[in-house]
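Participant: Based on what follows, work out the 3D shape:
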Amino acid sequence: MPTNLPLRHLSIRVPWHDAGWNGTICTDPANNASCLRLPNIHDRRENAVEIELRGRRIDELQSAQLPPCIAERASFMASFPITRHVRHPYQATSDAHRHYRPTLVEIPPFSAEAVPFRWMRRDDAASLADDFDIVYRDEAEEEARQAMGFESAWVQDRENQSNLLDAFFSAVEPERSLAFFYAKEVPHTERRGRVLVGVGRVAGCGQGIEYEYEPEAERPTRSMIWERIVSHSIRPADNGGGFLLPYHAALERAAENPDFNPEDVVVFAPDEAFEQFSYASEHLTHDQAIASLLAMVEGLQRGGAALGDKFDEQIRWAQARLGQLWKLRGPFPGLGSALAALGVDHSDLLAYRITESLPAAQDPWPAVQAALDNPASLGPEWVRRVGPTIARKLADLPAERRALLHLIARLDVSSEQAERFFVRESRSKAGIDIDDADLLHNPYLLYEVDRASVNPISVNSVDRGLFSSSSNPSSGLPEPSAMSEPQDPRRVRALSVAVLEEAATGGHTVVPQDDLVRAVREMAVTPPCPIDGDLFSVVGDDLQPVVQQAQLDDGAPGFQLDRLRMARDNIRSEVLKRSRPTGRTYSMSSWRDSSRAERFPQTKWRAAHAKRRSPHCGNSLLPDSQCSSALPVLARRRCWQRCACTWLGAVPG
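Facilitator: Purely as a prediction, here's the structure:
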């Protein structure tokens, strides 16, 4: 029986194209270095050929003349159909694949070939199949490898490929799913990240295609073409079906005006959805689609100010889609993750089965309890997956524990994140020293205390869970978790922390109050958080202890994170303590000859310094991480002073 997954949206990776992905060779191929970030293009692009053919339509070229970027979806805005031959990557090197023929694929106008690489990785395929009840035979993978005679990290059995791809694309529904196009690099910025390019509705989704084979030849292996054709609604002259961001207009403006910075119009994919924009094509939840659209609206407003264009049609289209997404999202997008934290197997699939027949705004928890009490009501396969103990566990949860479970279910978080906070033993193991009551009183702690984790809960995930309706903020959220208003002090603090953390990654330990106010006001959140300097004077005490007030050199007010102030105070104290006169004096030569042995063990010093040398003069250097752990602060400064060429830039703090 085919697996049908809940409605999702789609990310589709494209390379940069200087003519708007319109189905032509770039107008200046030699100067398009951004597309080279994709290995397939980097390894196969022939500059001389593309320069000779620059500006030509793809449908006018012979098959051998097609640039490698066509396979990377560089023509997704072409207004005409394109055909290309798909070759199996092993066909030329594997005897088990020599019977594969180049297979003709027809790409309709305004379409792209989406390929979900993560779902085709063998390491991920088995767990995905288990999570979503997809038929997957691991023994078939072993048989395929025996026939091939070599190992591969990818799923090789045709049936496994077909089942996984069918399940993936079952979540993509025409006219309901959105397609977000993104690039790994654009020429506007040197900042690394996933750059959103455009968005539209999915207009259609093609069927799976199996490779063609040589007639009468033995077939030790068979395989599906992984790409599926996805048509979209974006049109260059009509913003009624979506839009592209004004990147090409920004480059034209920069060419006319050297003072114009094209980076001002760049929109990066939300950090919380980094993985969803990392595998060529991947599902996006409603929350991740909301975050991406909000970022694009903010980018259009920013780009409009820079380019002198309001982009009203594009913004209206995005806002209409946002209204639909909020309804699709519902109040409990994290129900599956919450059930996983409770200990339920196949939790995402169970949540989908329970909620697919419920109105979006209905409280699902009574239906969850009923399903756990009688799993046969969902189908005979659920009897072996859900036992009576888990049903009793949910029914007997104390009120505070139940409230925390319900709160987590309001957030679009992963199962791992949900477990880290709901399971008290996991919370303790993660070094999170807060109790259930603290989290219920201030749900933004789910972000604040988790932001140093490898896979942290984002502030936007918490914010959307607490303000889950743009028309009725914080509706249905019980006390003490409910937000009183968009400027609730708990929200102001969390959004301020997010701004200060982003500033810290850029090397700014203190942010002026005016800059903090502007950054919070411009955040892509719904509803907006319109703070100002007067509000800070009211909620200043509520920001403590995470956000500390500071004073700039000119006397203006500023703010910094408590961890940075503590680090500053500790460094200052250590430096002052170790810089006090000791009654002894050192010259540089005496430092080199004697101080090493006196201040720290000779072997440790030599071993540490042997690990790094200055790229400028060859002197031994000690990395910051080892400096902070192996050497006293004053000794560290003298250590770096040995290499004059790196003295100014290398001393931490």
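Participant: Every contact and neighbour count from this point should use C-alpha atoms.
Facilitator: Will do.
Participant: Just the pLDDT at residue 645, thanks.
Facilitator: pLDDT, residue 645: 36.
Participant: same question, residue 393
Facilitator: We have a pLDDT of 96 for residue 393.
Participant: Tell me how many other residues crowd it.
Facilitator: Neighbours of residue 393 under the rule other CA atoms under 10 Å: 12.
Participant: Next one: it from residue 372, what distance?
Facilitator: Distance of residue 393 to residue 372, computed by CA to CA, to the nearest Å: 10 Å.
Participant: do residue 43 as well
Facilitator: 53 Å.
Participant: now swap in residue 173 and tell me
Facilitator: Distance, residue 173 to residue 372, by CA to CA: 29 Å.
Participant: quick one: which of those two has more around it?
Facilitator: Between residue 173 and residue 372, counted using other CA under 10 Å, the more crowded position is residue 372 (25 against 19).
Participant: A strand includes the more buried one, no?
Facilitator: No: according to DSSP: H, G, I helix; E, B strand; the rest coil, the state of residue 372 is helix, so it is not within a strand.
Participant: shouldn't it be in contact with residue 388?
Facilitator: Yes: the criterion here is CA atoms under 8 Å, and residue 372 meets it with residue 388 at 7.3 Å.
Participant: how distant is the strand or helix carrying residue 43 from the center of its chain?
Facilitator: Element membership for residue 43 (DSSP states H and E) is helix 39-44. Mean C-alpha position of helix 39-44 versus that of the full chain (CA atoms, centre = their mean, to the nearest Å) differs by 24 Å.
Participant: Next, the buried residues of stretch 537-553.
Facilitator: Of the residues in stretch 537-553, 539, 543, 546-550 count as buried by neighbour count, 16 or more other CA atoms under 10 Å.
Participant: average pLDDT for that stretch?
Facilitator: Averaging pLDDT along stretch 537-553 yields 91.
Participant: Now tell me what touches it from outside.
Facilitator: 489-490, 492-493, 496-497, 510, 512, 557-563, 565 (CA atoms under 8 Å, 6 or more residues apart in numbering).
Participant: how many neighbours does residue 29 have?
Facilitator: Residue 29 - counted by other CA under 10 Å - has 22 other residues nearby.
Participant: quick one, helices of the stretch 401-550 of the chain?
Facilitator: For the stretch 401-550 of the chain, applying DSSP state H, counting those that start in this stretch gives helices covering 415-422, 424-429, 436-441, 445-448, 459-466, 489-505, 513-521, 533-543.
Participant: of all those helices, which lies closest to residue 261?
Facilitator: Closest of the helices of the stretch 401-550 of the chain to residue 261 is helix 513-521, at 19.3 Å (criterion: CA to CA).
Participant: Filter the contacts of stretch 537-553 down to the buried ones, PyMOL style.
Facilitator: Isolation of the buried members of the contacts of stretch 537-553 (16+ other CA under 10 Å) is achieved in PyMOL through the command below:
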select buried, resi 489+490+492+493+496+497+510+512+557+558+559+560+561+562+565
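Participant: residues of stretch 357-370 that come out buried?
Facilitator: 364, 368-369.
Participant: Which one of the residues you listed is nearest to residue 478?
Facilitator: Nearest to residue 478 among these: residue 364, at 15.5 Å, using CA to CA.
Participant: which residues touch residue 372?
Facilitator: 386-388, 390-391.
Participant: Now the two most distant members of those residues.
Facilitator: 386 and 391 (8.1 Å).
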